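Participant: Pasting the sequence and the predicted model now:
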Amino acid sequence: MNRTGLFIALALWLVIAIVFAIFPELDLKLAALFYDSAIAGFPLQQHGWAAVIRDGAMYIAWAFVLPSILAVILKLIRPSSRLLVSGRAVVFLILTMVLSAGVLTNFSFKAFWGRPRPVAVTEFGGASQFVAWWDPRGECKRNCSFFSGEGATAYWTLAPAALAPPQWRPLAYGAALVFGTATGLWRMAFGGHFFTDVTFAGLVSFIVIWLFYALIYRRQWPAFSDAAVDRWLTRLALRRWRGAASDAAVDRWLAGKQRDRTGSEDLA
């Protein structure tokens, strides 16, 4: 997650954006590679096992953020317990997943960018007119094509890869990129997305991950430190389960728990 990676991603984004804006038919030609005119459809849609693989890819991605979610839930139930996952990792993984695979995808672009999916355009037996990636005026009304939510989720695995031990990080990045690309191609094979839907999804996920990694790990903002996250969750839990406690009351409770914990460690 260095600046070189950011510059490469931005350059790639710019090249794809320009090329596919000038030659939007490239999206149709790439989608046609997965289309079978003999059956007038995308063959992969007819196989149940293909849908299982598609859903499985999403389970794999969410499996990487699940420990952080469970750690937060346990902390809210037992405020005195320590976070089972690093506080910074909790914030980093959950926020990047929510933003890249949720807010920016399903609640922003896909809700208002009316680009029809490949299966819906006239070139592949649908009823809608094809539009380029930059044109939000398509005929799709909801859950539209631009950009790919599943692609963004799969490429999000770059986030846990960024937290891998340094000696394993290049391999983790490579695995995440392969996983994201394979998932994107799988969605194209279903006729669910165009090439630009998938690539923009990966680039958006990367930008979100890069920004939050810089804020949390490179700049090391105090608000995102492990102790600060643990303390904030403890305050939230105490107010939830013990009423609207004042900051002073919460601080006294935390100080008492810290003394108890220190004393137990000294006795051990």
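Facilitator: Great, that's in hand. Numbering: from 1, shown residues only.

Participant: Name the residues of stretch 181-195 that are buried.
Facilitator: For stretch 181-195, burial by neighbour count (16 or more other Cβ atoms under 10 Å) applies to 181, 183-195. (Glycine included, C-beta is placed from N, CA and C.)

Participant: cool, stretch 78-85 as well?
Facilitator: The neighbour-count check on stretch 78-85 (16+ other Cβ under 10 Å) flags Pro79, Leu83, Val85 as buried.

Participant: Now for the first one: which residues touch it?
Facilitator: With Cβ atoms under 8 Å, 6 or more residues apart in numbering as the criterion, the residues that contact Pro79 are Leu233, Thr234, Ala237, Leu238, Trp241.

Participant: Same check on Val19?
Facilitator: The contact partners of Val19, by Cβ under 8 Å, 6+ apart, come to Leu26.

Participant: Show me where this structure dips below the pLDDT cut-off.
Facilitator: 240-268 (pLDDT under 70).

Participant: show me what contacts the closest residue in space to Leu30 that isn't next to it in sequence?
Facilitator: Leaving aside its chain neighbours, Leu30 sits nearest to Phe195 (4.5 Å; criterion: Cβ to Cβ, 6 or more residues apart in numbering). Taking Cβ under 8 Å, 6+ apart as the criterion, Phe195 is in contact with Phe20, Leu26, Asp27, Leu30, Ala31, Met188.

Participant: Export those as a markdown table, with columns for secondary structure and distance to Val98.
Facilitator: Shown next, in a markdown table, are those (DSSP: H, G, I helix; E, B strand; the rest coil; distance: Cβ to Cβ, whole Å):
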| residue | secondary structure | distance to Val98 |
| --- | --- | --- |
| Phe20 | helix | 28 |
| Leu26 | helix | 32 |
| Asp27 | helix | 28 |
| Leu30 | helix | 30 |
| Ala31 | helix | 30 |
| Met188 | helix | 25 |
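
Participant: In CSV: those, plus distance to Thr122.
Facilitator: Output for those, formatted as CSV (distance: Cβ to Cβ, whole Å):
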residue, distance to Thr122
Phe20, 19
Leu26, 17
Asp27, 14
Leu30, 17
Ala31, 13
Met188, 18
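
Participant: Return a PyMOL selection command for the buried portion of the residues you listed.
Facilitator: Here is the PyMOL command that selects the buried residues among the contacts of Phe195 (16+ other Cβ under 10 Å):
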select buried, resi 20+26+27+30+31+188
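
Participant: quick one: Ser225 and Tyr217, what's the gap?
Facilitator: Noted for Ser225: a distance of 11 Å to Tyr217, by Cβ to Cβ, to the nearest Å.

Participant: list the residues that contact both of those two?
Facilitator: The contact sets of Ser225 and Tyr217 overlap at Arg88 (Cβ under 8 Å, 6+ apart).

Participant: Correct me if wrong: His121 contacts Glu139.
Facilitator: Not quite, residue 121 is Val, not His. No - if you go by Cβ atoms under 8 Å, Val121 and Glu139 don't touch, sitting 9.2 Å apart.
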